[in-house]
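A.B. asks: 3D, please:
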Amino acid sequence: MIPKARMKTLKMTIVIVSSFVICWTPYYLLGIWYWFQPAMIQHTPEYVHHILFVFGNLNTCCDPVIYSFYTPSFRADLADVVACCCCGRRSSNASPRSVDRLSGRTAGAAGEMESDLSSNQHSGNPA
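C.D. replies: Residues are numbered from 1 along each chain as shown. Coordinates of the predicted model:
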């Protein structure tokens with residue numbers, strides 16, 4: 001049986017590769033079509049080339065969005081924002097969870113750090 005973490009990685013890889021294929025296939029199919037029928041260039045409007053090229057470049061924008069949706073802290077923060085905006089509710093946790101995770105500490109650790117600093121100041125020890 002495949003471990004859960006590897007399964008998540010596999011799913012994310014499949015989604016990333018699928019988005020690449022979906023975004024770039026129309027542009028390359030048009031190129032292949034021109035290769036076999038060069039006279040067709042005269043019949044195809046130029047904006048079609050530009051739209052398909054821009055659609056292919058959208059893959060670059062899709063990747064960070066896909067990565068973020070596979071990150072649990074992003075999904076939790078997004079759920080908080082949606083709940084706040086749609087229902088007018090505010091989460092009991094005032095700061096976003098991802099910021100707490102990025103800083104590497106919890107509220108308890110921050111409180112302990114502040115109490116250590118204040119005790120050092122009272123005892124005359126430099127911080």
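A.B. asks: Under the pLDDT cut-off, which ranges of the protein? List them.
C.D. replies: 88-127 (pLDDT under 70).
A.B. asks: Going along the chain, name the helices of it.
C.D. replies: 4-36, 46-69, 72-87, 97-103, 107-123 (DSSP state H).
A.B. asks: which secondary structure elements does the longest one contact?
C.D. replies: Read it as helix 4-36. helix 46-69 (3 or more CB pairs under 8 Å, 6 or more residues apart in numbering; DSSP states H and E). C-beta here means a position set from N, CA and C on the backbone, and glycine is covered the same way.
A.B. asks: what's the angle from the helix it packs on to helix 72-87?
C.D. replies: Compare the direction of helix 46-69 with that of helix 72-87 by axes from the mean of the first three to the mean of the last three CA atoms, to 10 degrees and you get 100 degrees.
A.B. asks: List the contacts of helix 46-69.
C.D. replies: Identification of contacts with helix 46-69 by CB atoms under 8 Å, 6 or more residues apart in numbering yields 12, 15-16, 19-20, 23-24, 26-27, 30, 74-75.
A.B. asks: Report the contact partners of Met40.
C.D. replies: Here Met40 is in contact with 33-34 (criterion: CB under 8 Å, 6+ apart).
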